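**Student:** With the sequence up front, the predicted model follows.
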Amino acid sequence: MQTFKVQGMSCGHCARAITQALQARDPQAEVQVDIAAGEVRVASHLPRETVAAAIREEGYAVSP
């Protein structure tokens, strides 16, 4: 499972947007969004940079 620090998440809509964006690229992806911790954990076959790019495309800042 890959963990990403994500800035800008503040609500359930944020979690849904990120989850949907990642599952659009990998329907089997397991996505856990922790808004309070500012983290997104992803179990997927997608490369790390692809996951980070998908999160950025939703308007959130991603730290390595």
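**Tutor:** Structure received.

**Student:** pLDDT-wise, which helix or strand of this protein ranks last?
**Tutor:** Comparing every helix and strand of the chain by mean pLDDT, DSSP states H and E singles out strand 61-63 as the least confident one, with a mean of 94.

**Student:** Contacts made by that one with the rest, please.
**Tutor:** F4, K5, V6, Q7, G8, A52, I55, R56 (Cβ atoms under 8 Å, 6 or more residues apart in numbering). The way it works is simple: take the backbone N, C-alpha and C, and place the C-beta from them, glycine included.

**Student:** Now do the same for the fifth one: its pLDDT.
**Tutor:** The one in question is G8. As summarised for this prediction, G8 has a pLDDT of 94.

**Student:** can you give me the strands for the protein?
**Tutor:** 2-7, 30-34, 39-43, 61-63 (DSSP state E).

**Student:** can you redo the ones you listed as CSV with mean neighbour count and distance to A15?
**Tutor:** Compiled in CSV, the strands of the chain are given as follows (neighbours: other Cβ atoms under 10 Å; distance: least, Cβ to Cβ, whole Å):
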stretch, mean neighbour count, distance to A15
strand 2-7, 15, 10
strand 30-34, 16, 4
strand 39-43, 18, 9
strand 61-63, 13, 15
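
**Student:** Tell me which residues of the longest helix along the chain come out buried.
**Tutor:** Looking across the chain with DSSP state H, the single longest helix is helix 12-25. By neighbour count with 16 or more other Cβ atoms under 10 Å, helix 12-25 contains the buried residues C14, A15, A17, I18, T19, A21, L22, Q23.
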